[in-house]
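1. Provided below are the primary sequence and the corresponding predicted coordinates.
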Amino acid sequence: MKGIKKILALALAMVMAFGLTATNVFADAEDPTTATISTNTEGHTYKVFQIFTGDPEVNDATNSATLTNLKYGANTKGTGRTVGNAVSQTDIEALKSISATAVNVDDVADLAAMNDFVEIDDTKAFKTVTIDSSQEVPTGYYLIKDLDDSQDTHDASYTLYLMAVLKNGETYVITPKGDKPSVEKKVKDINDSEGTTTGWQDSADYDIGDEIPYKLTGTLPSNFANYATYKTYTFTDTFIRGLTMSNAQVEDVTVTIDEDGTSIKDNFNVTFTNNILTVSLKEGVDLKKVTGLDATKKIVVKYNATLTKDATIGKEGNPNKVDLTYSNNPNVGGDGDFGKTPEDKVIVFTYKAVVDKIDKDGNALTGAGFTLYKVPAGITMPASGTNVEKNAAIAIMPGVNVVKTIEATATNSQFSFEGLDDGTYVLCETTTPTGYNTMEPLKFVINATHSVEAAEPVLLTLSATEPFTANNLESATVSKTNKSSHNRVSGEAYAEIVNNSGAELPETGGIGTTIFYAIGSVLVVGAGILLISKKRMFN
């Protein structure tokens, strides 16, 4: 059996021999001579230690009971404490003192004192209770305890508390005492085009190369005060390919009490190795000695990570998950034993735009080059000048950022721009196929929705403005005809862009109009001369 150290724990209205009462919630059996102890909690094996036995006195008017004629129980130890003998008033007062500083009813306030009073040895327990095994016991006072080493790595904490069994025929249910810690992971979503940032949520979308803000929030157990020490508290945040952290980003990780509260980072080691961010207590650090921490406080970790070129496009997304490893056994002082929470997941999505360049007959057209720009909301497209001048004007507009440039080749007719956030973009033709007109700057918007709060966040919808069409998230198909061979992904906006050949039609009022007028006048005059000449020939 592991050594048992002193803990702060609790039990205020506990022992009815000292004035404790209990309410009967189950109907009495016919002439019952024992009570029953059971549990409805899976994964726990409870050891039951008998402290005192006693005779129940039931008050039918109030449906309550007390115990009289207290006798030492099977697990009482110490000089003068013989099983079956009457309990001394001194020992009644001693047991009272063990629970006198209780905050939560039934909890043990001084484990060292209890260990001197009761033989707490799992092999010598009076009864063992599991979800499949209830036990009949005499009325009396019992110490309830989790079996040693039974909760290691489980999402659970060890239980230790006093139970008053006051009425024969009643069933008393063991439930875990003290909420275990939990962990929550969140991400913010930033829309560059709109200049907006969401609150903390379970999903987001970003461009490749963007920094992504994340937050981890860990709680402390409700019986934190019961622990003599608390030396295990570790966030383990696992990334997948497509997310990474630089050394500078690791240095910038913050650890605070509550959000934006007092920094306690000096108590933690922060590392990023093999795509795992670990934030763990330094060796020798005891959370019980960290100023400002109690059961009501949270430990908050904030950091930025980067979406890389290896990011997964579309609905599969780029998840990362965190779990929390924590001390879970106040019975041994918070050293050695630990539990682990379930993982909490968030996900970041990114998309792609694909363009097929074709001629007016629908044939693939090579020799073009493109640059895609990310632009802020409210951009005004150039209204005058040639298309080449308009493309050049886009490039120097404030707030416009180059996403990707694809140079012209003699073989490429398809252009793929991976890793796009939702937002506003402009596609400019920076090289025009010989004999064809330069395309006007093409402004389009990618729109997406995804889970804000969900245990398993998903991409819900994806759409894009004309001439782009977003593929169906289920079948990964679009209505456009694909002129070049490539695999569709669920997260793609697709468009066919036609280049017209030959000179552009002249603008109204320009020099081209004057030329047309001049040529028309010549033709009219010529037709008149020809008509007069013909008349003279016939005269």
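-> Nice, thanks for sending it over.
2. What is the neighbour count of the nearest residue to S413 once chain neighbours are set aside?
-> In space, and not counting its chain neighbours, S413 is closest to A364: 3.9 Å by C-beta to C-beta, 6 or more residues apart in numbering. For glycine as for every other residue, the C-beta is placed from the backbone atoms N, C-alpha and C. Other residues within reach of A364, judged by other C-beta atoms under 10 Å, total 14.
3. cool, and D149?
-> For D149, the count of nearby residues is 13 (other C-beta under 10 Å).
4. do the one 10 residues further on as well
-> Applying the criterion other C-beta under 10 Å, we find 23 residues in the vicinity of T159.
5. quick one: it from L143, how far?
-> 11 Å (C-beta to C-beta, to the nearest Å).
6. now swap in I240 and tell me
-> On the measure of C-beta to C-beta, I240 and L143 end up 47 Å apart.
7. Between the two, tell me which one has more neighbours.
-> For I240 versus L143, the count of surrounding residues by other C-beta under 10 Å is larger for L143: 23 against 16.
8. partners of the strand ranked longest in the chain, with directions?
-> The longest strand of the chain (DSSP state E) is strand 46-59. For strand 46-59, the paired strands and their directions (DSSP bridges) are strand 64-72 (antiparallel), strand 127-129 (antiparallel), strand 140-146 (antiparallel).
9. Show me which of those has the highest average neighbour count.
-> Of all the strands paired with strand 46-59, strand 140-146 carries the top mean neighbour count, a mean of 25, counting by mean count of other C-beta atoms under 10 Å.
10. Using CSV, write out every CA atom in it.
-> As requested, the backbone C-alpha atoms of strand 140-146 are provided in CSV (Å, rounded to 0.1, in the frame of the first residue of the first chain):
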residue,chain,number,x,y,z
GLY,A,140,-22.4,2.5,11.5
TYR,A,141,-19.7,4.8,10.2
TYR,A,142,-17.4,3.9,7.3
LEU,A,143,-14.4,5.3,5.5
ILE,A,144,-14.8,5.0,1.7
LYS,A,145,-11.6,4.9,-0.4
ASP,A,146,-10.6,4.1,-4.0
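11. And the next helix or strand after that strand, how far out from the chain middle?
-> Using DSSP states H and E, the helix or strand that follows strand 140-146 towards the C-terminus is strand 160-165. With C-alpha atoms, centre = their mean, to the nearest Å as the basis, strand 160-165 stands 38 Å off its chain's centre.
12. Is A393 within a helix or a strand, and which one?
-> Going by DSSP H and E, A393 is in helix 387-395.
13. re earlier: pretty sure the residue nearest to S413 sits against N412.
-> No - judged on C-beta atoms under 8 Å, A364 makes no contact with N412 at a distance of 9.4 Å.
14. Next, the angle strand 160-165 makes with the longest strand of the chain.
-> 30 degrees (axes from the mean of the first three to the mean of the last three C-alpha atoms, to 10 degrees).
15. what comes up buried for strand 46-59?
-> By 16 or more other C-beta atoms under 10 Å, the buried positions in strand 46-59 come out as 46-54, 56.
16. Pull the most distant pair out of those residues.
-> Largest separation among the buried residues of strand 46-59 by C-beta to C-beta: K47 and P56, giving 23.8 Å.
17. Would you check how far apart the nearest residue to G169 once chain neighbours are set aside and Y172 are?
-> If the residues on either side of it in the chain are set aside, G169 comes closest to P32, at 3.2 Å by C-beta to C-beta, 6+ apart. For P32, the distance to Y172 equals 13 Å [C-beta to C-beta].
18. Of these two, give the one with the bigger neighbour count.
-> Y172 (22 against 15).
19. show me the contacts for the more buried one.
-> For Y172, the contact set (C-beta atoms under 8 Å, 6 or more residues apart in numbering) comprises 35-38, 163, 165.
20. now, among those, which is nearest to A353?
-> Nearest member of the contacts of Y172 to A353, counting by C-beta to C-beta, is S38, at 62.1 Å.
21. Please name the bridge partners of the closest one.
-> V173.
22. Count the neighbours of it for me.
-> 17.
23. Touching, it and E136? I think so.
-> No - applying C-beta under 8 Å, one finds S38 not in contact with E136, separated by 10.1 Å.
24. where does this structure dip in pLDDT?
-> 1-31, 99-111, 152-153, 178, 332-336, 478-487, 502-539 (pLDDT under 70).
25. the helices in it, which residues?
-> For the chain, the helices defined by DSSP state H cover 89-98, 111-117, 247-251, 387-395, 511-538.
26. in the fourth one, what counts as buried?
-> Neighbour-count burial for helix 387-395, with 16+ other C-beta under 10 Å as criterion, is recorded at 387-388, 390-391, 393-394.
27. and those as JSON lines, adding distance to L293?
-> Formatted as JSON lines, the buried residues of helix 387-395 follow (distance: C-beta to C-beta, whole Å):
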{"residue": "N387", "distance to L293": "64"}
{"residue": "V388", "distance to L293": "64"}
{"residue": "K390", "distance to L293": "60"}
{"residue": "N391", "distance to L293": "59"}
{"residue": "A393", "distance to L293": "58"}
{"residue": "I394", "distance to L293": "54"}
